[in-house]
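Novice: how would this look folded up:
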Amino acid sequence: MDNLRDHQTGDCAPERTASLSDPSRQDLFYHPVSLPRPSDPRQSTPMYALSFLPTPPPSGQSQTIIGWLPAVAEGANQDVDAGLNDFVENPRFRPLLHEAIQQALREGADEVWINGALQLQQGWMHIHDNRNIPALGRIGDPDDIVASVLVQDSKILPDTYQAMPSYRLCTSDGPTQLTEGLARKLKSVLEDAASRETP
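Specialist: Numbering: from 1, shown residues only. Here you go, the predicted structure:
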């Protein structure tokens with residue numbers, strides 16, 4: 001996921017008409033979109049919308065988009081592709097992420113966090129991103145702690161869910177990567193949000 005060149009065959013210019021799946025992350029998809037340039041809204045910039053959904057988003061500004069990568073790195077020639085350093089977060093995605101995780105915890109949809117609560121028994125449990133799992137008994141990097149939730153008597157109290165403001169949707173280790181149950185719930189929430197958006 002370091003750059004989009006992995007998705008190209010032969011020529012240096014990426015195909016901008018078809019969505020691409022990430023070869024190293026089966027759950028990530030790149031959808032070509034055009035967004036207005038901040039410097040001149042009358043002109044558009046070709047971008048890739050990064051998403052957990054295989055279908056293209058209803059619009060280039062959809063809340064189901066994790067963020068955007070330029071089709072070509074800013075100020076670069078045709079032979080240089082955009083990479084993770086060029087990622088721009090979609091601020092509308094973050095509330096959906098937290099809604100999905102809190103719902104999944106409330107529904108007991110992820111065995112990893114249920115077992116974590118059983119082991120902890122009492123106290124605050126960090127919900128961390130799976131892209132950089134901390135060593136056993138250690139606290140993860142603040143960039144990778146999605147949220148914290150209180151555990152009492154080995155049970156998660158979902159109403160105590162607190163989003164971590166320092167969490168980053170994309171780091172040098174890649175974009176958000178959740179445990180299986182949380183990822184499944186997030187995909188469901190994103191599909192529902194996409195069905196309510198109009199192009």
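Novice: For Tyr161, see how far away the spatially most central residue of the chain is.
Specialist: Nearest residue to the geometric centre of the chain (C-alpha atoms, centre = their mean): Thr176, 4.0 Å. Separation of Thr176 from Tyr161 (C-beta to C-beta, to the nearest Å): 17 Å. The C-beta positions use only the backbone N, C-alpha and C, and glycine is treated the same way.
Novice: for Gly181, same thing?
Specialist: 15 Å.
Novice: wait, what's in contact with the closest residue to Gln152 other than its chain neighbours?
Specialist: Spatial nearest neighbour of Gln152, excluding adjacent residues (C-beta to C-beta, 6 or more residues apart in numbering): Gln122 at 6.2 Å. By C-beta atoms under 8 Å, 6 or more residues apart in numbering, Gln122 lies in contact with Val151, Gln152, Asp153, Ser154.
Novice: Only the buried subset of the residues you listed, as a ChimeraX command please.
Specialist: In ChimeraX syntax, the buried subset of the contacts of Gln122 is picked out as below (16 or more other C-beta atoms under 10 Å):
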select :151
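Novice: List of residues touching whichever strand or helix holds Arg106?
Specialist: Assigned by DSSP states H and E, Arg106 falls within helix 93-107. Applying C-beta under 8 Å, 6+ apart, the contact partners of helix 93-107 are 63-67, 109-110, 113, 127, 146-147, 149, 156, 158, 161, 163, 169, 176, 178, 181-182, 184-186, 188-190, 193.
Novice: and it, how far from the chain's centre?
Specialist: Put simply, helix 93-107 sits 12 Å off its chain's centre (C-alpha atoms, centre = their mean, to the nearest Å).
Novice: Which helix or strand lies directly C-terminal to that helix?
Specialist: Scanning forward in sequence from helix 93-107 by DSSP H and E, the next helix or strand is helix 111-120.
Novice: Grab the CA positions of that following helix and hand them over as CSV.
Specialist: Output of helix 111-120 as CSV, limited to C-alpha atoms (Å, rounded to 0.1, in the frame of the first residue of the first chain):
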residue,chain,number,x,y,z
GLU,A,111,-14.6,-12.0,20.4
VAL,A,112,-11.2,-10.2,20.6
TRP,A,113,-12.6,-7.4,22.7
ILE,A,114,-14.9,-9.7,24.7
ASN,A,115,-11.9,-11.8,25.7
GLY,A,116,-9.9,-8.6,26.4
ALA,A,117,-12.5,-7.5,28.9
LEU,A,118,-12.5,-11.0,30.5
GLN,A,119,-8.7,-10.7,31.0
LEU,A,120,-8.8,-7.1,32.2
